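# Sequence first, then the predicted structure, then my questions.
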Amino acid sequence: MNQLTTQQLTLSIAGKRICQQLDLRLEPGQIWGILGRNGIGKTTLLHTLAGLREADSGDIFVSENNINDLTRKQIAQKMGLLLQHIEDPFPSTVLETVITGRHPHIPAMQWENVMDYEMAEQALATVGMQNLKHRSVNQLSGGERQRVSIATLITQNPDIFLLDEPNSHLDLHHQSILLSWLCNYARQDQHVLLMSLHDINLAAKHCDHILLLIGNGEYMTGPSETILNESNLEKVFGHPVKQHHLDQQNIFIPD
């Protein structure tokens, strides 16, 4: 079963406590959002869940396997991480970049096959980049490069999607289209999706569960309809927030 679980996870960076004894259970088909102030530790938490850094204490389980017992390849077969900042030190085309999403699934000493390329081509079509597949990634705009990163993650097809600011660099159209596609895909195919966001209203629209990082290790977690309210959001962001209803959806506006 596709699950991501933490038990008593405590995490700090540079002497700052991000979470204290965090217990999470992310089930297949659930869409989770992480909200918190700038610098609160959202990226650090995602990197830790992906096995890129160690926690102070506690455990992380991927489909009931402790992440410390898995190889990097096994982790990459289960979890995909969309990074907030991407560097391209070597020239490669868009298609060459996207096909790397299949590498965790390819046995040693073998090359990509027809099915791998079909998945990459389909992912590029999903993000609207198929016409640029032969262009160098170094020649792309920030938004185009972000769409390539999303296509690479789709091609990887992990059980668990970890997205660090997935709407970064995207214009309004692609924010709406791609976030909706990713969330619908995760729900329909029973993947887990966890993403950090700055926009409260995107979280309210797309996420059914929320993790609020408050500071000093304090956090709140639960269904979106109970967690996203004026009192909790003011505590998290240190600023008054007013809740409104528009077309059967909650809208949050700074006061």
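Looks like it arrived, so ask away.
# Just the helices from this protein, written as ranges.
Taking DSSP state H, the helices of the chain run over residues 42-49, 72-78, 94-99, 114-126, 142-156, 172-189, 200-206, 224-227, 230-237.
# Export the shortest one to CSV, keeping only CA atoms.
What follows is helix 224-227 as a C-alpha-only set of coordinates in CSV (Å, rounded to 0.1, in the frame of the first residue of the first chain):
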residue,chain,number,x,y,z
SER,A,224,-8.5,21.1,5.5
GLU,A,225,-12.1,22.1,6.5
THR,A,226,-11.1,22.0,10.2
ILE,A,227,-7.5,23.3,10.0
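# Can you list the buried residues in it?
224, 227 (16 or more other Cβ atoms under 10 Å). Every residue, glycine included, has its C-beta placed from N, CA and C.
# what is the mean pLDDT for it?
For helix 224-227, the mean per-residue pLDDT is 96.
# who does it touch, helix- and strand-wise?
strand 209-215 (3 or more Cβ pairs under 8 Å, 6 or more residues apart in numbering; DSSP states H and E).
# one more time with 6 Å
Contacting helix 224-227 under the criterion 3 or more Cβ pairs under 6 Å, 6 or more residues apart in numbering; DSSP states H and E is no other helix or strand.
# likewise the third one?
Packing contacts for helix 94-99, counted by 3+ Cβ pairs under 6 Å, 6+ apart, involve helix 142-156.
# So which bits of the helix it packs on are buried?
Buried residues in helix 142-156, counting neighbours by 16+ other Cβ under 10 Å, are found at 144-156.
# now the angle between helix 114-126 and it, please.
Helix 142-156 runs at 140 degrees relative to helix 114-126, counting by axes from the mean of the first three to the mean of the last three Cα atoms, to 10 degrees.
# Let me have the buried residues of helix 142-156 in TSV, extended by distance to residue 134.
Formatted as TSV, the entries for these read as follows, by distance: Cβ to Cβ, whole Å:
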residue	distance to residue 134
144	13
145	15
146	19
147	16
148	13
149	18
150	19
151	14
152	16
153	21
154	19
155	17
156	21
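# what would the helices of the chain look like in TSV with distance to residue 63?
Formatted as TSV, these follow (distance: least, Cβ to Cβ, whole Å):
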stretch	distance to residue 63
helix 42-49	13
helix 72-78	6
helix 94-99	25
helix 114-126	22
helix 142-156	16
helix 172-189	15
helix 200-206	24
helix 224-227	24
helix 230-237	30
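# Closest one to residue 67 out of the buried residues of helix 142-156, please.
The shortest distance between residue 67 and any of the buried residues of helix 142-156, using Cβ to Cβ, involves residue 156 and amounts to 17.3 Å.
# Make sure that closest one is actually in contact with residue 99.
No. Under the criterion of Cβ atoms under 6 Å, residue 156 makes no contact with residue 99, lying 10.2 Å away.
# which non-adjacent residue is nearest residue 42?
Computed as Cβ to Cβ, 6 or more residues apart in numbering, the closest residue to residue 42 that is not its neighbour in sequence is residue 196, at 3.9 Å.
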